[in-house]
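>>> Predicted model, plus sequence, below.
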Amino acid sequence: MASAAQQTLFMPFENGILPPPAGRMRFLAAGIDADTALDDAWKKALTCLQPFRPEYLKLEKAGFDVVARLEGNARFDGGLMLLGKHRGRNEEWFAEMLSRVAPDGIIVVCGGNKLGIDGFRKWAGKIVAVEDRFSKNHAVVFWLRRPDDLPDDAIAALRPTAKHVEGQFHTAAGMFSHGAIDKGSALLAGHLEGRVSGAVADFGAGWGYLAAECLKHPKKIRKLDLYEADFESIEAARGNLPSLSGEIPLSFHWHDLVSEQVAEIYDTVVMNPPFHEGRATDVSLGQAFIAVAARRLKPGGRLLLVANRQLPYEATLKPLFRSVETLQETDGFKVIEAKK
């Protein structure tokens with residue numbers, strides 16, 4: 001079943017306020033979930049933009065036309081956009097809508113109240129006049145028409161500026177730790193020397209900071225594989241790391257560690273596992289990452305992870321590893337080493 005916000009997104013069409021797609025009309029849909037209750041007319045009309053691998057796989061399985069990134073000069077008759085938690089990525093998607101939807105095409109945007117939808121509506125309204133809006137299911141939906149006189153440079157100005165970290169790492173809005181090195185990852189980096197060796201994997205690699213830190217110890221590393229669920233982040237890592245790798249082979253995997261199998265076996269796994277901000281007791285993603293690491297590490301292999309101090313990963317680690325040691329606790333973080 002679709003989220004309450006996504007149900008609200010389609011209400012202007014269901015209530016007869018806006019006409020649904022007809023004939024061969026195509027709509028770009030950014031950020032929507034795989035809603036199997038949508039009728040076939042909508043499924044045929046939609047091209048879904050979804051860079052988050054778990055949701056991409058669900059859309060693909062449900063029979064939607066889905067892409068991780070829009071390439072070429074694809075154009076659409078209308079657009080649908082469901083706000084996510086990253087303001088910058090929402091702004092990027094809105095600019096993409098204006099760039100690709102035909103003049104006078106309808107663009108419909110919806111988001112939950114807690115995601116700042118009213119603020120986003122006011123921001124969008126400064127660029128293009130909003131036709132109407134309404135609230136339902138603790139969400140707001142609004143719509144506008146793509147002007148026929150909107151210059152390309154005005155659209156380009158809406159896109160968030162990419163940020164470079166330490167003068168060498170490209171990062172962009174929507175990525176974890178966009179524009180700065182995460183404090184927990186930096187703490188873990190201080191414990192890699194003498195511990196990373198052989199075939200190494202970075203689970204939840206983001207734009208490649210921890211992998212880059214691993215590459216500072218080249219004599220010990222035979223290869224380095226990166227796994228990341230966000231397409232834009234793994235593509236950034238693909239550009240960030242080759243100049244640092246020397247002769248160490250790199251591989252980049254746009255991958256959902258929870259639902260997709262990892263084929264390789266490793267000597268070392270490093271990770272800063274994700275968890276839901278504001279819901280510190282929900283550690284299921286981190287637990288899943290740990291379980292995958294335990295399955296794909298050789299006997300004697302080593303897992304190095306950093307986490308917020310209060311997250312109870314030790315209860316997951318101890319049944320799966322021969323030894324579990326906290327290497328450091330400081331500034332609200334802990335660095336843990338677990339050996340198979």
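Yep, it's here.

>>> what element comes up after the helix or strand hosting residue 107 heading to the C-terminus?
Assigned by DSSP states H and E, residue 107 belongs to strand 106-112. Next helix or strand after strand 106-112 toward the C-terminus (DSSP H and E): helix 117-125.

>>> Mind giving me the packing neighbours of that following helix?
Packing partners of helix 117-125 (3 or more Cβ pairs under 8 Å, 6 or more residues apart in numbering; DSSP states H and E): helix 87-100, strand 106-112, strand 130-136, strand 139-145. Using the backbone N, CA and C atoms, a C-beta is placed for each residue, glycine as well.

>>> which residue is nearest the middle of this structure?
residue 230 (3.5 Å; Cα atoms, centre = their mean).

>>> Now do the domain split for the protein, please.
Residue ranges for the domains of the chain, per automatic domain parsing: 4-156, 163-339.

>>> Report the rounded mean pLDDT for the shortest one.
In this model, domain 4-156 has a mean pLDDT of 95.

>>> Over to stretch 215-233?
On average, stretch 215-233 scores 97.

>>> Put the alpha carbons of that stretch into CSV.
What follows is stretch 215-233, C-alpha atoms only, in CSV (Å, rounded to 0.1, in the frame of the first residue of the first chain):
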residue,chain,number,x,y,z
LEU,A,215,43.5,3.3,0.3
LYS,A,216,46.0,5.1,2.5
HIS,A,217,47.2,1.6,3.5
PRO,A,218,48.0,0.2,0.0
LYS,A,219,50.6,-2.4,1.0
LYS,A,220,48.1,-4.4,2.9
ILE,A,221,45.1,-4.2,0.5
ARG,A,222,44.6,-6.6,-2.5
LYS,A,223,41.3,-5.1,-3.7
LEU,A,224,38.5,-2.8,-2.5
ASP,A,225,34.8,-3.1,-3.2
LEU,A,226,32.2,-0.5,-2.4
TYR,A,227,28.5,-1.2,-1.8
GLU,A,228,26.0,1.7,-1.7
ALA,A,229,22.2,1.9,-2.0
ASP,A,230,22.1,5.5,-3.3
PHE,A,231,22.9,5.7,-7.0
GLU,A,232,24.1,9.3,-7.0
SER,A,233,26.5,8.5,-4.0
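
>>> Tell me which stretches of the stretch 201-340 of the chain form strands.
Per DSSP state E, counting those that start in this stretch, the stretch 201-340 of the chain carries strands over the ranges 221-228, 250-254, 266-271, 297-308, 323-330, 333-339.

>>> The shortest one versus strand 221-228: what angle between them?
Yep, that's strand 250-254 we're talking about. Angle, strand 250-254 to strand 221-228, by axes from the mean of the first three to the mean of the last three Cα atoms, to 10 degrees: 20 degrees.

>>> Now do strand 250-254, average pLDDT.
Confidence over strand 250-254 (mean pLDDT, whole number) is 98.

>>> same check, this time on the last one
If you average the pLDDT over strand 333-339, you get 98.

>>> so which of the strands of the stretch 201-340 of the chain comes closest to residue 10?
Closest of the strands of the stretch 201-340 of the chain to residue 10 is strand 250-254, at 28.5 Å (criterion: Cβ to Cβ).

>>> Against which helices or strands is that closest one packed?
Packing partners of strand 250-254 (3+ Cβ pairs under 8 Å, 6+ apart): strand 221-228, helix 231-240.

>>> Buried residues in the longest one, which are they?
Of the residues in helix 231-240, those with enough neighbours to count as buried (16 or more other Cβ atoms under 10 Å) are 231, 232, 233, 234, 235, 236, 237, 238, 240.
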